[in-house]
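Undergrad: Whatever this is, show me its structure:
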Amino acid sequence: MSQRINQPVQSIKLTNVAVVRMNRHGKRFEIACYRNKVVNYRQGLETDIDEVLQTDRIFTNVSKGQFASSTLLEQTFQTTDEMDVAKIILQKGTLQISDLERQQQYENTIREVASWVSTNCVHPTSQRPYTPSQIREAMKQVEFAVHPTHSIKKQYLDCVKLLQSSTKGGIPIERAKMELSIHAPKSHLTKVQDALQQLNITPTTNSNADTTAAYQQLIVLVDPSLYRPIDTLVKELPNGARLEILRQAVTQEGDINLEEEMKRRQQNTSQQQLQQQQDQDQQTTTTQTKITHNDEEYALSALMEEQLTLDKDNTDNDHDTRKEKDSDGELPSPQKPPEPQVPRKNMRKSQKKAQKQSKKAKRREKEEAAERQARIEQEKKRQEERNAMLRMKEEQQQESSSTPLGNQSTSVSSETSTAAKSCNTCGGSFVTPASYRSHFKSDWHRYNIKLKMKGVTPVSEQEFILCDSDAFFDDM
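TA: Got it, this is the predicted structure:
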């Protein structure tokens, strides 16, 4: 019998899908879009939403084909129009991309940042740009990490700062200067020149321009960071003044002149040697200053020791003189107390060290005394527990001996004798099964097992209680 194959006829196959996801009120909503159209729609390059969406349905899970119900849309977005909901998700949702796409975006961002640095930066001395491959290698050396959401210009500026300040393989680099042209009224030309000099900018006039014209042209080379102050200065001038950008980045082009390159390298070498010599001189000066300071301290300490020695000798001489006068019968004249001497630095250190050691010793003694007291109290408590157990045993024995044998029936005694169990190693009888089982976990049984293994006669429970079992176990 032939089987019929059922094939879906209304299924829609979604290919090249970019999922935009949005979470609201604990619910997840997704839409299926074309991969390259989402970014264009958010940037305003694409205005037709039908060109962005692959289907106008709202999903809770695109991969499983689960649609969001109209009730859920009404509760979450206060509307059941799926096109309005799709616009909200496109604007505020998160675009889901794969690992390969994320890696590709990362590589593209690195390539664009390196291209910006290569185009807008030069070597400080030669004024020639670096190649993008050199910039990318330097970026790896300084461990520059790109950000997926920051603009390329911001990351380009951060990369230049890191290349200039880093010590992990940074390169000599600076932003290329801009060539600007300022058209200013002749009456305000002096004001503009003074403002430019305050910004450390030396303007040059156009030699081909007419000096009698109402407006004069100034050409300046400035750092890109000074463009906004100059633009503000030109806007404050009367109508007709303007600012033009002649070249965005001024770089040295053409073939290298060997003579100029050799001169430049010689200048760099001489500057480096001069800098090294200055660093060595500074280190030498610092070392000499330290040596002089140490010599002064040594001389001062020697002088103080000599003064202490002289004071001690004078004190001994005064003491001998006082003894001689006492022996002659003369009263000793009152002596002035010795002036306190300034303690030396080493003496202070030794005193502090001795104080610390004495504190440590006292603290150690207190801890040892507390441990001894704790051991003594623990031993006393154990002795009291042992004495209490002995008294309890004696009382039980007295009660059992005072009970008449006639009061016990023969049937009960026979049942007890048959129900009681005894240990083959320790002896004794145990009436209940629980006491019989607990006996094998007791210290008395374990101790007798060790004695039996050594070939020694086991002890009774009374003997085991009278002796110190802990000491026996330590010896065993």
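Undergrad: Run through the protein and note the low-pLDDT ranges.
TA: In the prediction, the chain carries residues with pLDDT under 70 at positions 1-15, 166, 169, 205-212, 255-257, 288, 290-303, 305-346, 401-419, 467-476.
Undergrad: how about the strands in it?
TA: Using DSSP state E, the strands found in the chain span residues 17-24, 27-34, 59-61, 66-67, 94-96, 121-122, 174-175, 178-185, 204-205, 215-222, 242-247, 421-423, 427-430.
Undergrad: okay, now the spatially closest residue to Q91 that is not a sequence neighbour: neighbour count?
TA: Nearest non-adjacent residue to Q91, counting by C-beta to C-beta, 6 or more residues apart in numbering: R42, 7.3 Å away. Placement of C-beta: from N, CA and C, glycine included. By other C-beta atoms under 10 Å, 14 other residues sit near R42.
Undergrad: before we move on, what about S69?
TA: S69 is surrounded by 12 other residues when neighbours are defined as other C-beta under 10 Å.
Undergrad: I'd like the distance between Q378 and R372.
TA: Q378 sits 11 Å away from R372, going by C-beta to C-beta, to the nearest Å.
Undergrad: need the strands of the chain in TSV with distance to Q278 and mean neighbour count, can you?
TA: Supplementary listing: the strands of the chain in TSV, determined by distance: least, C-beta to C-beta, whole Å; neighbours: other C-beta atoms under 10 Å:
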stretch	distance to Q278	mean neighbour count
strand 17-24	60	17
strand 27-34	63	20
strand 59-61	69	16
strand 66-67	74	13
strand 94-96	56	13
strand 121-122	27	22
strand 174-175	23	16
strand 178-185	33	20
strand 204-205	34	12
strand 215-222	30	18
strand 242-247	37	13
strand 421-423	95	14
strand 427-430	98	14
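Undergrad: Of all those, which one is nearest Q271?
TA: When the strands of the chain are ranked by proximity to Q271, the top entry is strand 174-175, at 16.1 Å, counting by C-beta to C-beta.
Undergrad: Adding distance to Y106, write the strands of the chain out as a markdown table.
TA: Written out in a markdown table, the entries for the strands of the chain read as follows (distance: least, C-beta to C-beta, whole Å):
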| stretch | distance to Y106 |
| --- | --- |
| strand 17-24 | 18 |
| strand 27-34 | 22 |
| strand 59-61 | 28 |
| strand 66-67 | 32 |
| strand 94-96 | 15 |
| strand 121-122 | 22 |
| strand 174-175 | 25 |
| strand 178-185 | 31 |
| strand 204-205 | 45 |
| strand 215-222 | 34 |
| strand 242-247 | 32 |
| strand 421-423 | 78 |
| strand 427-430 | 79 |
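Undergrad: Let me know which of these is the nearest to N387.
TA: Of all the strands of the chain, strand 427-430 sits nearest to N387, with 22.0 Å by C-beta to C-beta.
Undergrad: count of neighbours near the closest residue in space to A176 that isn't next to it in sequence?
TA: Residue nearest to A176 in three dimensions, not counting chain neighbours: A249, with 3.8 Å by C-beta to C-beta, 6+ apart. A249 is flanked by 15 other residues according to other C-beta under 10 Å.
Undergrad: Roughly how far does A249 sit from T119?
TA: Distance of A249 to T119, computed by C-beta to C-beta: 6 Å.
Undergrad: Overlap in contacts, the two.
TA: With contacts defined as C-beta atoms under 8 Å, 6 or more residues apart in numbering, the residues shared by A249 and T119 are P129.
Undergrad: starting at the chain centroid, how far to stretch 361-371?
TA: Distance of stretch 361-371 from its chain centroid, counting by C-alpha atoms, centre = their mean, to the nearest Å, is 40 Å.
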